[in-house]
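Q: A structural model of the following input is requested.
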Amino acid sequence: MGLGKTVQAIAFLNTVYNEEKNVKLLVVWPAGLIENWRREINTFAKELKVFCHHGFNRLQSINQFEDYVITLTSYNTLTRDFDLFSKIKFNVIIADEAQNIKNKNTQNAKTLRNLNSISRVLLT
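A: Below you'll find the predicted structure:
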């Protein structure tokens with residue numbers, strides 16, 4: 001709380017993007033944090049095009065992911081849309097408030113574990 005984890009994670013994602021422009025980054029969080037992540041990215045990494053995949057505003061096909069560098073979604077939405085997310089190879093997946101997946105037998109943990117990514121970062 002208040003340690004700057006979000007800003008540090010955004011700096012990391014920005015570094016990944018600057019090293020290789022054609023990247024797919026995913027941030028998963030509890031639904032209540034959507035505005036925090038969006039605001040922080042727009043403040044500290046404006047060049048990273050962000051899509052908030054949540055509620056009624058959700059991507060329908062993997063081709064739509066091409067328009068964005070970072071996709072933000074909640075644990076529950078990720079679980080619901082696993083078929084879509086499972087078709088994408090992410091460079092980095094960040095799971096914020098990782099206590100949501102501490103029990104490896106939960107659907108949230110299984111969903112996150114079964115995504116295709118090069119790197120994963122858990123924030124807690």
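
Q: relative to its centroid, which residue of this structure is most remote?
A: No residue in the chain sits farther from the centre than residue 105, which is 20.9 Å out by Cα atoms, centre = their mean.

Q: State the three-state secondary structure for that residue.
A: At residue 105, secondary structure determined by DSSP: H, G, I helix; E, B strand; the rest coil is coil.

Q: What confidence value was assigned to it?
A: At residue 105, the pLDDT value in this model is 79.

Q: In contact with the residue lying closest to residue 33 once chain neighbours are set aside: list those residues for me.
A: Nearest residue to residue 33 in three dimensions, chain neighbours excluded: residue 96, at 6.4 Å (Cβ to Cβ, 6 or more residues apart in numbering). Backbone N, C-alpha and C define where each C-beta goes, glycine included. By Cβ atoms under 8 Å, 6 or more residues apart in numbering, the contact list for residue 96 reads 5-6, 9, 27-30, 33, 37, 123.

Q: residue boundaries of the helices in the protein?
A: 5-19, 34-44, 75-80, 82-85, 107-113 (DSSP state H).

Q: low-confidence ranges in the protein?
A: By pLDDT under 70, the weakly predicted segments of the chain are 1-3.

Q: Quick check: bridge partners of the most centrally placed residue in the chain?
A: Computing the C-alpha centroid of the chain and ranking residues by Cα atoms, centre = their mean puts residue 27 first, at 1.4 Å. On DSSP bridges, the residues paired with residue 27 through beta bridges are residue 72, residue 94.

Q: and it, how far is that from residue 117?
A: 12 Å (Cβ to Cβ, to the nearest Å).
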